[in-house]
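*Asks:* A predicted structure for the sequence below; I have some questions about it.
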Amino acid sequence: MFRLAAVLAFLATPILAGLDEADVTILTFDQLEGWESDDHQAALGVFLDTCRLLDDPEWASICALAETQDSGRTFFELFFRPVLIEDGKDALFTAYYEPEIRGSRSPGGRYRHPVYRKPPGSTGYSRRQIEVDGVLRGRGLEIAWVEDPVELQFLQIQGSGRIRLPDGGSIRLGYAGSNGHRFSSLGDKLVAMGVYNRHQVSARVIQAWVHRNPVEGQDLMMHNASYVFFRELGRVAASKGPVGAMNRSITAQRSLAVDPAFTPLGAPVWLEKGGAGAFSRLMIAQDTGSRIKGAQRADIFLGTGDQAGQAAGKVRDPGRMVVLLPIQRAYALKPEG
């Protein structure tokens, strides 16, 4: 999932671009499955992390009120209305995480694969040109070097991550741009090749197959011509999550990546995820992704490291998401009567 640069221009948009073709239904809170059982106070805390970035008078007054609330549930029920937005496409909820991989500030030994900053000017080189032909080599763009090119590509797919250094320190990376080439899934390619069935494919399975088949594995890696560049994030505490599209750290199990054409960044979103590990939870729309498109499409942030990555790879579920909008904003989308 490519995390995009800050897109604060969306925050002030009074009418969301995707709503022209969408169906809008105003719900009540008792129509939200499991609403009464959630930890609304935890959701309120995450909401406050980005609320002040909402550059709109209506949101500004709500944010001021949010800082004085003792009851998260009362706050959301008093000042918001649940809005179901549908665009005719089936709901799909996936998950993402912040990878943590081993690397070094300098090349040598097992650390041979560079992590690049975005070069000035044209960035249209393919992955093969960058990783095999070395077109960026020697231009001073390296942030670090890592030991596993498969892990590096997974880090690029997530769009942010941490590099664990030999001395115990770490480098925090954020998305800085891409080469503009279309993303192609390595798992889908292995399925198309007949190597695995779809239910067998995971990040670990792909990594093991590449290591066992170095020649074919390199060809598989090049199948995804898309390449992501990073920037080093120096002010994010190790205890905090990665920086999302609102330029603030996101929170595991509470932050959601959405399509801002339908869901305003910073808005609370009631998520009812079906499938394995089904749950209902109030989350906050604090991130975006290049493959998150549609009114009922979202990506759940699950945290940092291998355990979160394994869990994220298993999430591909149906369900429903309902946006909580300020009362006047909600009824402006669908007037009563």
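*Replies:* Arrived safely, thanks for sending.

*Asks:* touching, Pro107 and Pro114? I think so.
*Replies:* Yes - between Pro107 and Pro114 there is a contact under CB atoms under 8 Å: 7.4 Å. To be clear about C-beta, it is placed using only N, CA and C from the backbone, and glycine gets the same treatment.

*Asks:* overlap in contacts, the two.
*Replies:* 142, 145 (CB atoms under 8 Å, 6 or more residues apart in numbering).

*Asks:* settle it for me: which of the two has more neighbours?
*Replies:* It is Pro114, of Pro107 and Pro114, that has more neighbours when counted by other CB atoms under 10 Å, with 20 against 13.

*Asks:* thought the more buried one was touching Arg139?
*Replies:* No - counting by CB under 8 Å, Pro114 stays clear of Arg139, with 10.3 Å between them.

*Asks:* neighbours of the closest residue in space to Pro326 that isn't next to it in sequence, how many?
*Replies:* Distances taken as CB to CB, 6 or more residues apart in numbering put Glu58 closest to Pro326, at 5.2 Å, once the chain neighbours are dropped. Using other CB under 10 Å, the number of residues around Glu58 comes to 15.

*Asks:* how about Glu58, secondary structure?
*Replies:* Of the three states, Glu58 takes helix under DSSP: H, G, I helix; E, B strand; the rest coil.

*Asks:* can I assume it is in contact with Leu325?
*Replies:* No - using CB under 8 Å as the test, Glu58 is too far from Leu325 to be in contact (9.4 Å).

*Asks:* am I right that Ala298 is in a helix?
*Replies:* No - when three-state DSSP is applied, Ala298 is found to be strand, with no helix at that position.

*Asks:* hey, what's it bridged with?
*Replies:* Per DSSP bridges, the residues bridged to Ala298 are Phe93.

*Asks:* so what's the backbone phi/psi at the nearest residue to Leu190 once chain neighbours are set aside?
*Replies:* Leaving aside its sequence neighbours, Leu190 sits nearest to Tyr196 (CB to CB, 6+ apart; 5.2 Å). Dihedral angles of Tyr196 (phi, psi; degrees, to the nearest 10) stand at phi -140, psi 160.

*Asks:* confidence score at Tyr196?
*Replies:* At Tyr196, the pLDDT value in this model is 95.

*Asks:* what's the answer for the one 4 residues further on, then?
*Replies:* The predicted local confidence for Gln200 comes out at a pLDDT of 90.

*Asks:* ok, it - how many residues close by?
*Replies:* 11.

*Asks:* endpoints of stretch 45-61, how far apart?
*Replies:* 17 Å (CA to CA, to the nearest Å).

*Asks:* just the buried positions in that stretch, please.
*Replies:* For stretch 45-61, burial by neighbour count (16 or more other CB atoms under 10 Å) applies to 46-47, 49-51, 53-54, 56, 59.

*Asks:* ok, back up a step: burial count for the residue nearest to Leu190?
*Replies:* 15.

*Asks:* Ser202 is in contact with that one, correct?
*Replies:* No - counting by CB under 8 Å, Tyr196 stays clear of Ser202, with 9.5 Å between them.

*Asks:* common neighbours of these two, please.
*Replies:* Here Tyr196 and Ser202 share the contacting residues Gly187, scored by CB under 8 Å, 6+ apart.

*Asks:* model confidence score at Leu333, please.
*Replies:* 84.

*Asks:* how about the residue nearest to it when sequence neighbours are not counted, what does it touch?
*Replies:* Spatially, and ignoring its direct neighbours in sequence, Leu333 is nearest to Val24 (4.9 Å; CB to CB, 6+ apart). Applying CB under 8 Å, 6+ apart to Val24 gives the contacts 83-85, 333-334.

*Asks:* what of Val269?
*Replies:* 256, 258, 263, 282-285, 298, 321-324.

*Asks:* change it to 6 Å
*Replies:* 256, 283, 285, 321, 323 (CB atoms under 6 Å, 6 or more residues apart in numbering).
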